[in-house]
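In: sequence first, predicted model second:
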Amino acid sequence: MKSMTIYLSNDETLIDFMLKMTKDKISKRYNITHLAEDMDVSYAMLHRFINKKPVGQKFFVKWFKFFIN
């Protein structure tokens, strides 16, 4: 079993933390398409998350699986 410790400031939410981690991972060379493929989610779903649109629970499960490893 793996674990991840998340420290949030007073005005920061878990979604804000997840967005920051996701955006930090994206670069000119490693773009959204590559990240979506590695996370095993669709490009559209990752794009919706980055643009603060609603995504399902399946996305959050896959996000944590990817970022914990």
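Out: Ah, there it is.

In: what about Asn10, neighbour count?
Out: By other C-beta atoms under 10 Å, 4 other residues sit near Asn10. Every C-beta, even on glycine, is put in place using the N, C-alpha and C of the backbone.

In: renumber starting at 126 from here on
Out: Fine by me, first position is 126 from now on; the one you just mentioned is Asn135.

In: ok, now how distant is the nearest residue to Ser167 once chain neighbours are set aside from Asp136?
Out: Nearest residue to Ser167, sequence neighbours excluded (C-beta to C-beta, 6 or more residues apart in numbering): Ala161, at 6.4 Å. From Ala161 across to Asp136, the span is 29 Å (C-beta to C-beta, to the nearest Å).

In: what segments of this structure are helices?
Out: In the chain, the helices defined using DSSP state H lie at 139-150, 157-164, 168-175, 182-193.

In: so where's this structure uncertain?
Out: Within the chain, no stretch has pLDDT under 70.

In: now with 80?
Out: Along the chain, the parts satisfying pLDDT under 80 run over 126.

In: most remote residue from this protein's center?
Out: Most distant residue from the mean C-alpha position of the chain: Asn135, 20.7 Å away (C-alpha atoms, centre = their mean).
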